[in-house]
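A.B. asks: compute the structure for the input listed below.
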Amino acid sequence: MNSPAYDDQNVFAKVLRGELPCEKVYEDNNCIAIMDVMPQGPGHTLVIPKAPSRNMLDISAADLQHIILVVQRMARAVVKAFDSDGVLVMQFNEPASGQTVFHTHVHVIPRFEGVPLKPHTGGIADSEMLADAAGKIRAALEAMT
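C.D. replies: Below is the predicted model of the structure:
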């Protein structure tokens, strides 16, 4: 399978360049974690490498290793921040899998018994709600350090 070339005009590339706003939860030299603007549940966070790659099929091993460690840290933080019963970690590769933004990213979503996920095709979330959720996650990250 030959994947199309990386498109530097995708929404996450624009976020990384500061061309689009985001509610940032975490940042280091290699990645960021931001609130998903169309959350499927409270605390829905995305971990995004800074280096360009479409998905797991073309990301460098070093970047993949780094982001999975950040995903684990974010998973622990969202469980703590939202007192959730579990956490869902999802990553999609190419359109057949459901990928719609072609920059590698991992979804980290707190899960609660008996509460279904909202569809990801919904509207943009209220910015105050996203800021509040981000604050809870940042506080959980601080408490874990």
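
A.B. asks: tell me the first helix or strand C-terminal of the helix ranked longest in the chain.
C.D. replies: Criterion DSSP state H: the longest helix present in the chain is helix 61-82. Per DSSP states H and E, the first helix or strand lying C-terminal to helix 61-82 is strand 86-90.

A.B. asks: list the buried ones in that next one?
C.D. replies: Neighbour counts over strand 86-90 (16 or more other C-beta atoms under 10 Å) mark Val87, Leu88 as buried. C-beta coordinates here come from the backbone N, C-alpha and C atoms, glycine included.

A.B. asks: then stretch 67-86?
C.D. replies: In stretch 67-86, counting by 16+ other C-beta under 10 Å, buried: 67, 70-71, 73-75, 77-82, 84.

A.B. asks: repeat for stretch 133-145
C.D. replies: So stretch 133-145, judged by 16+ other C-beta under 10 Å, has buried residues Ala133, Ala134, Lys136, Ile137, Arg138, Ala140, Leu141.

A.B. asks: could you do stretch 47-60 as well?
C.D. replies: For stretch 47-60, using 16+ other C-beta under 10 Å, the buried residues are Val47, Ile48, Pro49, Lys50, Ala51, Pro52, Ser53, Arg54, Asn55, Met56, Ile59.

A.B. asks: picking up where we left off before, redo the buried residues of stretch 67-86 as TSV? Include distance to Cys22.
C.D. replies: Below are the buried residues of stretch 67-86 laid out as TSV (distance: C-beta to C-beta, whole Å):
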residue	distance to Cys22
Ile67	16
Val70	16
Val71	17
Arg73	18
Met74	15
Ala75	19
Ala77	17
Val78	17
Val79	22
Lys80	22
Ala81	18
Phe82	19
Ser84	22
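
A.B. asks: state the distance from Phe112 to Asn29.
C.D. replies: Going from Phe112 to Asn29 by C-beta to C-beta, to the nearest Å gives 34 Å.

A.B. asks: repeat for Ala13
C.D. replies: In terms of C-beta to C-beta, Ala13 sits 17 Å off from Asn29.

A.B. asks: residues making contact with the helix or strand Tyr26 falls within?
C.D. replies: In this assignment (DSSP H and E), Tyr26 forms part of strand 24-27. With C-beta atoms under 8 Å, 6 or more residues apart in numbering as the test, strand 24-27 has contacts from 32-35, 45, 70, 73-74, 77, 134, 137-138, 141.
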